[in-house]
Every structure is written in C-alpha cells, then in structure tokens.
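# Predicted model and sequence below, questions to follow.
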Amino acid sequence: MGLNHEEKVRVDLAATFRIIAHLGMHEAVANHFSAAVSDDGKRFLLNPKWMHFSRIRASDLLLLDADDASCAHRQDVDATAWSIHGQIHRMLPQARAVLHLHPVHATSVACLENPRIPPIDQNTARYFNRVAVDAMYGGMADTVEEGARLAGLLRDKTRLLMGNHGVMVTARTVGEAFDDMWTFERSCQILVTAWSTGQPLRVLSDEVAEKTARSWEKIADFSERHFEEMKYLMLKGDPSLAD
C-alpha cells in the first residue's frame, strides 16, 4: 500500500533533515523545517524542540495547526519555530515547505553591510531580483508579531536573506525547497570565495542574469530529482528515517 499525502510529506521532510545534517549545514540542535499537509496550509509538520537533524524520523515530526495558539505552549515546540513557521503557514498558504537555516556562507553574506547576491555565475544568477532582504534583526524571533513581519517580507518572494541571522526558503514542495536551499548556500560559498580574492567581480548583465533565473524556474523537475537522489542515499544508509 502506498503512502498517503501526510505520510509522504513526513518521509520527505525527515529525509531533508538527514540530508542537511549529512552536508554539515545544520546548527547544533537549532533551526527548523516545516511542511504543510492541509489544503489551506495551516496544518503543518515541524521538527520537535532541540532534536538533532541527524536522527529525526518521520514519526518524530509534530503535527501543528497554525490557528491553534495552544501549540505555542507545548513542551516539544520551540518558541522561535512556532513564531516564524506558525505565522508563515497561517499567512502564506502557497508556502508548502519552509526551511530556515544558519549555514556558514549564506549567513556570512547576511552579515554584510549590504547583503546581496550579485549574479556572477549560473548558481548566483538563480537569485537575480528574487530574494527579499530583512534588515531589521532584533534578537530571537519569539513573538507572533515578529513571525508575521517575516511572513510579510515573503509575500512576493520565496527566499529571504535574513540580515545578521541566516536564510529562509519556501517552495511548493519539500524537494524544491531543499534544492533551493542547497543552491542558495552554494551561491554564497562561491561569492564569499570570489570576494576573498580581493579582485573585482565580473558581474553578469541584467539581461543574462534574468534569462538564467527564468531558465532555473523552468526546471523544477531538476530540483525534485536532486532531492530524490539525496533521499535515496539517506534511506539506503538508515531506513529508520521513514519510521
């Protein structure tokens, strides 16, 4: 018997935690991923408080309701996760998957006076004019008001470079969100490396950058295939993630 929708999303999200841990993009027992399982986007899965990404299983994921304020008082729900992910799923039904990380290179770019991703190659061009920037970091995001503010910044974008903080990616599927997060960090790694040479960047023209970004948007199947391959490797290494 095949998996139902929620069961499939559980396995996909659990695999994403394992992949991110495998790639070394996690941060101790912090950071959170979520994925909607209801049509209106308000019922969503979230990782439990302070559980290491490398051992999360499908059954460990919490099922929460963005309209149920009592979720904020559960012992297994991190306050910052509820504040951010709860509000995004409440306000943005199109954000089916929401990944928030503090990866080294993306966070380094987020800490610059002018956080930006200039298009200098095929990866960075994916984000040409397609990233919202939050320049108002004010400490831990542990209120629904702060979560609503962040959701507001994402209304016409799917990526948020969070100044002095990290990065958030939203997408239609868990697979697309993973590939986008991977490429985002890869782009920032390329940028930081190029900047470190002290040489001027050779930035692509707006025309070429826009053309490249649009080409990326036409190959969601590439993103899904990347994810499926990584998920296969995680399941092969430890089938218990699907439990």
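Perfect, thanks for sending it.
# residues contacting the closest residue in space to residue 186 that isn't next to it in sequence?
For residue 186, ignoring the flanking residues on the chain, the nearest one in space by CB to CB, 6 or more residues apart in numbering is residue 123 at 5.4 Å. Where you see a C-beta, it was placed from the backbone N, CA and C, and this is true even at glycine. By CB atoms under 8 Å, 6 or more residues apart in numbering, the residues touching residue 123 are 183, 186-187, 190.
# which of those has the most neighbours?
By neighbour count, taken as other CB atoms under 10 Å, the most surrounded of the contacts of residue 123 turns out to be residue 187 (25 neighbours).
# Isn't that residue up against residue 118?
No: under the criterion of CB atoms under 8 Å, residue 187 is not in contact with residue 118, lying 10.0 Å apart.
# what do the two both touch?
Contact criterion CB under 8 Å, 6+ apart; residues shared by residue 187 and residue 118: residue 124.
# Put the alpha carbons of stretch 43-59 into CSV.
As requested, the backbone C-alpha atoms of stretch 43-59 are provided in CSV (Å, rounded to 0.1, in the frame of the first residue of the first chain):
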residue,chain,number,x,y,z
ARG,A,43,-1.9,22.2,9.4
PHE,A,44,1.8,21.6,9.2
LEU,A,45,4.7,19.3,10.3
LEU,A,46,7.6,20.7,12.3
ASN,A,47,10.7,19.2,13.9
PRO,A,48,10.5,18.8,17.7
LYS,A,49,12.4,21.1,20.0
TRP,A,50,16.2,20.6,20.2
MET,A,51,16.3,17.2,18.4
HIS,A,52,19.4,16.7,16.2
PHE,A,53,18.7,16.7,12.5
SER,A,54,20.7,13.5,12.0
ARG,A,55,18.3,11.3,13.9
ILE,A,56,14.9,12.7,13.1
ARG,A,57,12.4,10.1,11.8
ALA,A,58,9.1,10.7,10.0
SER,A,59,7.2,9.8,13.2
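# buried sites along that stretch?
Residues 43-49, 51, 53, 56-58 are the ones in stretch 43-59 that count as buried (16 or more other CB atoms under 10 Å).
# ok so, going back, which of the contacts of residue 123 fall in helices?
Judged by DSSP state H, those include 183, 186-187, 190 as members of helices.
# So what does the residue nearest the centre of the chain have for phi and psi?
Of all residues in the chain, the one closest to the mean position by CA atoms, centre = their mean is residue 99, 2.3 Å from it. Per-residue torsions, residue 99: phi -120, psi 130 (degrees, to the nearest 10).
# So which residues of the chain form helices?
Secondary structure of the chain (DSSP H): helices at 5-22, 79-81, 87-91, 104-110, 122-125, 144-153, 174-196, 206-217, 220-237.
# just so I know, which of those lies nearest residue 37?
For residue 37, the closest of these is helix 5-22, at 4.6 Å, according to CB to CB.
# Just the residues contacting that closest one, thanks.
Residues from elsewhere that reach helix 5-22 (CB under 8 Å, 6+ apart): 3, 26, 33-35, 37, 45, 47, 52-54, 56-61, 63, 97, 99, 101, 173-175, 177-178, 181, 227, 230-231, 233-235, 238, 241-242.
# any idea of the mean pLDDT in that helix?
Average pLDDT, helix 5-22: 98.
# can you check stretch 163-172 too?
Along stretch 163-172, the predicted local confidence has a mean pLDDT of 98.
# What of stretch 204-216?
Taken as a whole, stretch 204-216 carries a mean pLDDT of 98.
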